[in-house]
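Engineer: Got a predicted structure here, sequence first:
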Amino acid sequence: MKAKEVPQDDADMMRGIFREPVYSVDEKGKYTTVRSVGWDPKNAVMQQAWDNINEKIEAVRQKVLAGKLSPIAFYMEKQIMDTGLLAKYMGLWRWKVKRHLKPKYFNQLSDDILQRYAEIFDLTAEELKNIDKIKSEE
Amino acid sequence: MDIKLDFEHKQSAHCENGVVSNLLRFYGIELSEPMIFGIGSGLFFSHMPFLKIDGIPVTSFRPLPGVIFSRISKRLNIKFIRRKYRRNPQKAMLALDRNLEKGIPTGMLVGVYHLSYFPDPYHFHFNAHNIVVNGKENGKYRISDPIMEDFAELTSKELTRVRYAKGTFAPKGHMYWVKENPRNINLEEAIKKGIRQTGKNMLTIPINMFGVKGIRFMAKKVRAYPEKLGPKKAALFTGQIVRAQEEIGTGGAGFRFMYAAFLQEAAQVLNNPKLFDLSKDMTAIGDMWREYAIITGRIVKNRNKADESYDLAANQLLKIADKEEDFYKSLLASIK
C-alpha cells in the first residue's frame, strides 16, 4: 500500500484519543508509517463485534427486568464477562456465581458478597440492587 | 517521590514490539519496530476452530504473546529480569517504585479492559498488553503505552487494577526490565535466524491449522460458513478474521506490511538486494489481504441477507496462500 493511499475513514472508533500507525510505502519506495483514524472494512467488523455484544446485553437486560435473572447477570454481560471470568474476579467457584444470577439467590446475598460484586462493576451495593437503574440503561 | 526518567516514547503498531524497541532505545540501542518484529519472527498464521473466544474461532497473524520478546532476548543476547507477584499487589507496586528510584524503566503486562486512557471500543478483556512505566509524579505513574501517540498516566489504584486483571493470560503483577547494558549484539546473525524461523514456521509445521496450510484450511472453512451457520453467524465468524488482521495492532494486513518494512531494513544491514525485492513481493501480498478485508467488509455490512461473496473471499484466501508459499520458499533461499 502507498503512503498517500492509507485510508482515513473516520467512524470515531478511537474517540479521537489516538490514530493507528499503518505501514506503507512512500514516493521513493521506502517504508514509512502513516497514522490512520480508520478504514471502512475495519470499522465495519469492529462495529459488528460491538453490535453483537450490545444485542446480548439488551437480551439479558430484558430478562432482568422480567425478573428472570438477577442484576449481576446484566452487569456481567455489560462488562463482557462470562461466569468463568466473573468467578475469577470474585474468587468464588463458578457454580456459585451461576447461582447468583438467579433472583432467588441474589436476594439472599450477604452484604459482603454484594459489596464485592459491586466493586467489580464499579457500582455501590445500593446501585447494584436497584432495578430502576437497569431500566434506564440502554 | 517524583521521578521522571529520560525515556523516549515512540508509538508502534503492536505493543510487544513497541515495548522492546522503546526499552532498548533507553539503553542506546536503536532498533525499529519492524526490526524487532522480524528478528523475533513475529509473522505467523494460525486458524484454530476448536479454540473459541466468545463462541468465535480464533484466528491469529502472530505467535502467542511473549514469544517475540523471548526470541529477541535470545537472539540479541539481551538479559531481562522478570518477576511475578502472584498474590501480592502491594509488593508488586513497591517493587515497581524501587525500580523507578533506581532509574530503571520497567515493562509490565496489563489487562486492557480497565485501562482508563483507552477509547471505549477497545475495552476488551485482553490481558497480554505491554507497557513501560518510566516515572511517577504527584502520585501518578507515567506510562509509555506503545499504542498511544504520547505518554499516558495511571493512578496507583488504576495501575494495580490492570496489573491484576483476571482471565486468560492473567498478568499476575508480572514485570520485566533490562538486566545489564546489552553488549555484543550480532545483528546480521539475529536477522538471519529470525528470517529462517519465519520461513520454516510458515511452511513446515505438520498441522493444517498453521502457516500457509492454515490459510488454505481457513479458506475451506470460510466457504462453508454461510451454509453451515446461517447469514448472521457466518458474518460474525468471518468478520472476526478481519478483526485479527486489521484491528489488533498489526500495522495493516495482518503484519504483512510491517514484515515488508523489516525486509527493507534487513536488505541494507545484510547488503542483500534479494531481500529488497522480497519486500516488494510481501507488500503485494499485504495488498491481497487488504482486498480480502474489503470483501469481508461487504459481507459484514449485508449480514442479515444471504451473501454469495463467501466464495469470493475463500478464493482470495487460496490465492494468498499460493503467493505466500512461493514467498517463504524464496525467502529461505535468499539467505542461504
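Structural biologist: Received, thanks. Residues are numbered from 1 along each chain as shown, chains lettered A, B, ... in the order given.
Engineer: all contacts plus neighbour counts: C-alpha atoms, from now on.
Structural biologist: OK.
Engineer: which residues touch B:Ile205?
Structural biologist: B:Ile205 makes contact with B:Gly211 under the criterion C-alpha atoms under 8 Å, 6 or more residues apart in numbering or on different chains.
Engineer: do the one 5 residues further on as well
Structural biologist: Remark: with contacts taken as C-alpha under 8 Å, 6+ apart, B:Phe210 is in contact with B:Phe44, B:Phe45, B:Ser46, B:His47, B:Asn201, B:Met202.
Engineer: So for the fourth one, what's the pLDDT?
Structural biologist: In this prediction, B:His47 carries a pLDDT score of 97.
Engineer: what helix or strand does residue 95 sit in?
Structural biologist: No chain specified, so I'll use chain A. helix A:94-100 (DSSP states H and E).
Engineer: my bad, the chain I had in mind was chain B
Structural biologist: Assessed by DSSP H and E, B:Ala95 sits inside helix B:89-101.
Engineer: Show me what the next helix or strand after that helix is packed up against.
Structural biologist: For helix B:89-101, the succeeding helix or strand toward the C-terminus, using DSSP H and E, is strand B:106-110. If you count contacts as 3 or more C-alpha pairs under 8 Å, 6 or more residues apart in numbering or on different chains; DSSP states H and E, strand B:106-110 packs onto helix B:89-101, strand B:129-137, helix B:156-163, strand B:175-178.
Engineer: Might you calculate how far the top helix by length along chain B sits from the centre of the chain?
Structural biologist: What stands out as the longest helix in chain B, according to DSSP state H, is helix B:273-301. Distance, stretch centre to chain centre, for helix B:273-301: 18 Å (C-alpha atoms, centre = their mean, to the nearest Å).
Engineer: Flag every buried residue along the helix or strand following it.
Structural biologist: Next in sequence after helix B:273-301, counting helices and strands by DSSP H and E, comes helix B:309-334. Judged by neighbour count (16 or more other C-alpha atoms under 10 Å in any protein chain shown), helix B:309-334 contains these buried residues: B:310-321, B:323-325, B:327-328, B:331-332.
Engineer: so which of the residues you listed also contact chain A?
Structural biologist: Near chain A, judged by C-alpha under 8 Å from any C-alpha of the partner chain, there are no entries from the buried residues of helix B:309-334.
Engineer: Would you mind listing what in the stretch 151-300 of chain B touches chain A?
Structural biologist: Within the stretch 151-300 of chain B, the residues that sit near chain A (C-alpha under 8 Å from any C-alpha) are B:166-167, B:236, B:239-240, B:242-243, B:246-247, B:249, B:251-252, B:257-258, B:260-261, B:264, B:283-284, B:286-287, B:293-294, B:296-298, B:300.
Engineer: Under the pLDDT cut-off, which ranges of chain A? List them.
Structural biologist: For chain A, residues meeting the criterion pLDDT under 70 lie at A:138.
Engineer: residues near residue 132, how many?
Structural biologist: Just so you know, I chose chain A. 10 (other C-alpha atoms under 10 Å in any protein chain shown).
Engineer: try again with chain B
Structural biologist: 26.
Engineer: Return the set of residues that bridge with the nearest residue to it once chain neighbours are set aside.
Structural biologist: Closest residue in space to B:Val132, ignoring its immediate chain neighbours: B:Gly107 at 4.2 Å, by C-alpha to C-alpha, 6 or more residues apart in numbering or on different chains. According to DSSP bridges, the partner residues bridging B:Gly107 are B:Val132, B:Tyr176.
Engineer: Any stretches of the stretch 151-300 of chain B with poor pLDDT?
Structural biologist: The stretch 151-300 of chain B contains no residues with pLDDT under 70.
Engineer: burial count for B:Asn304?
Structural biologist: 13.
Engineer: Can you give me the distance of it to chain A?
Structural biologist: 12 Å (C-alpha to the nearest C-alpha, to the nearest Å).
Engineer: One more: B:Pro182?
Structural biologist: To chain A, B:Pro182 is 27 Å away according to C-alpha to the nearest C-alpha.
Engineer: related to what we said a few turns ago, closest one to B:Val19 among the helices and strands packed on strand B:106-110?
Structural biologist: strand B:129-137 (6.3 Å; C-alpha to C-alpha).
Engineer: Off-centre distance for the closest one?
Structural biologist: With C-alpha atoms, centre = their mean, you get 19 Å for strand B:129-137.
Engineer: so that strand versus helix B:156-163, what angle?
Structural biologist: 160 degrees (axes from the mean of the first three to the mean of the last three C-alpha atoms, to 10 degrees).
Engineer: Excluding chain neighbours, what is closest to A:Ile53?
Structural biologist: Once flanking residues are discounted, A:Ile53 sits nearest to A:Ile80: 7.4 Å by C-alpha to C-alpha, 6+ apart.
Engineer: scratch that, B:Thr59 is what I was asking about
Structural biologist: Closest to B:Thr59 by C-alpha to C-alpha, 6+ apart is B:His47, at 4.4 Å.
Engineer: again, but for B:Met175
Structural biologist: Using C-alpha to C-alpha, 6+ apart, the nearest residue to B:Met175 is B:Met108, at 4.2 Å.
Engineer: Repeat that for B:Met288.
Structural biologist: In space, not counting the residues next to it along the chain, B:Met288 is nearest to B:Ile320; the distance is 6.6 Å by C-alpha to C-alpha, 6+ apart.
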